[in-house]
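1. quick one, fold the following:
(one chain, ligands or ions: 1)
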Amino acid sequence: MQSLLASPYCPLYCRASSFPRASVVRSPSPGEGARLRSRSPFIFKIIGSLSHCGKDSIVEELAQDDLVNAVELSQWENGKSINGIAASQGIRIRRHCRPGAPLEEIEEELGAPRNILEKIIWAKEVEVAEGHAKKPMEEVIEAAKNAPPVRDFFGALGSAFKRNGVPALIAEVKKASPSRGVLRENFNPVEIAQAYEKNGAACLSILTDEKFFQGSFENLEKVRNSGVKCPLLCKEFVIDKWQIYYARSKGADAILLIAAVLPDLDIKYFLRICKELGMTALIEVHDEREMERVLKISGVQLIGINNRSLETFVVDTSNTKMLLEKHGDTIREKRILVVGESGLFNPDDVAYVQNAGVSAVLVGESLVKQDDPGRAISGLFGKELLH
Ligand SMILES: O=C(O)c1ccccc1NCC(=O)[C@H](O)[C@H](O)COP(=O)(O)O
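-> Residues are numbered from 1 along each chain as shown. Model prediction:
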């Protein structure tokens with residue numbers, strides 16, 4: 001598994017047999033930072049062993065990152081498992097790290113998944129391992145190289161915001177969701193995508209998870225090959241770099257990275273892969289702790305604030321306002337664009353998150369449920385959007 005932290009090829013991979021207690025992340029003293037840096041050849045040896053594809057230039061680059069060297073690598077040196085590192089960052093979602101084991105065995109060890117997000121991630125671990133077996137890393141990297149050119153997802157949002165004076169729309173092509181069940185029986189992803197584009201969507205979000213959202217990579221590929229020009233977000237639960245290359249090979253221009261699932265080092269690693277591929281990463285946060293973590297990571301361009309808790313399903317648009325009141329200054333200083341996600345149904349909802357400071361919105365249910373999802377766009381914004 002090509003998450004930097006969650007690699008079964010790594011001797012530290014989930015070494016604890018049960019969920020370890022959260023431990024304190026301490027910052028290194030100045031002297032200690034220098035000491036760790038001076039030991040970087042040893043550190044590089046550790047990181048190098050995480051990649052079964054041999055020498056990895058992205059990993060090499062990460063090894064030069066001061067923050068990575070100083071804090072996170074010292075955690076590795078202390079032998080903390082991925083769940084230990086995640087817990088120390090406030091992440092409540094655990095990995096089982098045993099894709100081949102029967103669920104009963106996993107549940108015996110860890111108990112049942114604590115919430116739907118954890119359930120999705122456990123299933124994703126199995127699915128990704130199957131993906132590796134079907135299409136090895138080298139093949140998927142090659143396929144990504146031969147994919148159609150990347151479109152500028154981030155740029156499309158900025159231009160649409162300027163053009164329309166309302167948040168740019170990322171319109172979601174989603175058949176079903178765990179919280180809402182089936183949203184649209186008669187689901188034709190290409191027709192929906194074309195209708196969204198015709199009615200002014202800046203970008204599209206295509207659900208690719210099959211098990212919980214009835215989406216597919218086939219849908220992503222079909223939309224990409226349908227003549228639709230909008231940049232495409234692959235809406236997946238990314239835990240492994242294999243998925244990013246796979247998404248690119250199917251025509252994705254952007255991917256979602258969920259801070260509630262991914263430790264900082266994985267976000268950094270995946271961001272660098274995106275940069276290498278020319279893709280945009282939408283980094284999703286839901287609470288203050290996640291926002292603080294993400295704002296410390298360099299290279300972040302696009303943050304999504306999800307108004308829906310992926311653990312409880314509670315939707316509350318004031319979440320966007322609260323997080324932007326606290327962190328708006330830093331976000332503006334860093335020229336990061338913010339996307340308001342979930343639970344937006346009418347022009348008042350859009351105006352509310354726009355006043356809070358978002359430049360884009362990600363909308364699924366309120367569009368896809370309508371008989372004419374394209375026409376529903378002017379209903380959502382209270383006006384027609386210009387292309
Ligand atoms: O929507 C869910 O039930 C869900 C459950 C677990 C993980 C993710 C989930 N949804 C993803 C999203 O947050 C939405 O697809 C997206 O933000 C659009 O939201 P909406 O406009 O409310 O459909």
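2. can you give me the strands for the stretch 101-250 of the chain?
-> Under the criterion DSSP state E, counting those that start in this stretch, the stretch 101-250 of the chain contains strands at 168-173, 176-177, 181-182, 203-207, 232-235.
3. for the ligand, which of the ones you listed is the nearest?
-> strand 176-177 (3.7 Å; CB to the nearest ligand atom). C-beta here means a position set from N, CA and C on the backbone, and glycine is covered the same way.
4. ok, and the closest non-adjacent residue to Gly382?
-> Sequence neighbours aside, Pro347 is the residue nearest to Gly382 in space, at 3.4 Å (criterion: CB to CB, 6 or more residues apart in numbering).
5. follow-up on the earlier one: Throw the strands of the stretch 101-250 of the chain into CSV and include mean pLDDT, distance to Gly251 and mean neighbour count, thanks.
-> Below are the strands of the stretch 101-250 of the chain laid out as CSV (pLDDT from 0 to 100; distance: least, CB to CB, whole Å; neighbours: other CB atoms under 10 Å):
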stretch, mean pLDDT, distance to Gly251, mean neighbour count
strand 168-173, 98, 13, 28
strand 176-177, 98, 22, 21
strand 181-182, 98, 25, 9
strand 203-207, 99, 9, 26
strand 232-235, 99, 6, 28
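6. make JSON lines from these and add distance to Leu103 to it.
-> Output for those, formatted as JSON lines (distance: least, CB to CB, whole Å):
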{"stretch": "strand 168-173", "distance to Leu103": "29"}
{"stretch": "strand 176-177", "distance to Leu103": "22"}
{"stretch": "strand 181-182", "distance to Leu103": "23"}
{"stretch": "strand 203-207", "distance to Leu103": "23"}
{"stretch": "strand 232-235", "distance to Leu103": "25"}
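7. using TSV, lay out those together with distance to the ligand.
-> Shown next, in TSV, are these (distance: least, CB to the nearest ligand atom, whole Å):
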stretch	distance to the ligand
strand 168-173	5
strand 176-177	4
strand 181-182	9
strand 203-207	7
strand 232-235	7
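8. quick check: bridge partners of Glu341?
-> Asn306, Leu362 (DSSP bridges).
9. separation between Val120 and Asn346?
-> You called it Val, but residue 120 is Ile. 29 Å (CB to CB, to the nearest Å).
10. higher neighbour count, the two?
-> Taking neighbours as other CB atoms under 10 Å, Ile120 and Asn346 compare with Ile120 leading, 21 against 13.
11. contact partners for the more buried one?
-> Counting by CB atoms under 8 Å, 6 or more residues apart in numbering, Ile120 touches 178, 209, 211-212, 237.
12. by neighbours, which of those wins?
-> Neighbour max across those (other CB under 10 Å) = Phe237, 24 neighbours.
13. give me the nearest residue to that one, chain neighbours excluded.
-> Closest to Phe237 by CB to CB, 6+ apart is Lys124, at 4.9 Å.
14. before we move on, what about Gly90?
-> Closest to Gly90 by CB to CB, 6+ apart is Arg289, at 4.5 Å.
15. Ser318: neighbouring residues, count only.
-> 12.
16. does Leu282 count as helix, strand or coil?
-> Recorded secondary structure, Leu282: strand (DSSP: H, G, I helix; E, B strand; the rest coil).
17. what number of residues lie near Val339?
-> Neighbour count of Val339, defined by other CB under 10 Å: 26.
18. how about it, what does it touch?
-> Going by CB under 8 Å, 6+ apart, the list of residues near Val339 reads 157, 170, 282, 302-305, 358-362.
19. how about the residues you listed in TSV, adding distance to Met322?
-> Formatted as TSV, the contacts of Val339 follow (distance: CB to CB, whole Å):
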residue	distance to Met322
Leu157	22
Ile170	22
Leu282	20
Leu302	20
Ile303	14
Gly304	15
Ile305	9
Val358	13
Ser359	18
Ala360	19
Val361	17
Leu362	18
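20. and the residues you listed, which two are the farthest apart?
-> For these, the farthest-apart pair by CB to CB is Leu157 and Ile305; their separation is 14.4 Å.
21. about what we covered before: number of nearby residues for the residue nearest to Gly382?
-> Look at Pro347: counted by other CB under 10 Å, it has 16 neighbours.
22. what of Leu386?
-> Close neighbours of Leu386, defined as other CB under 10 Å, add up to 9.
23. check Glu105 too.
-> Neighbours around Glu105, by other CB under 10 Å: 12.
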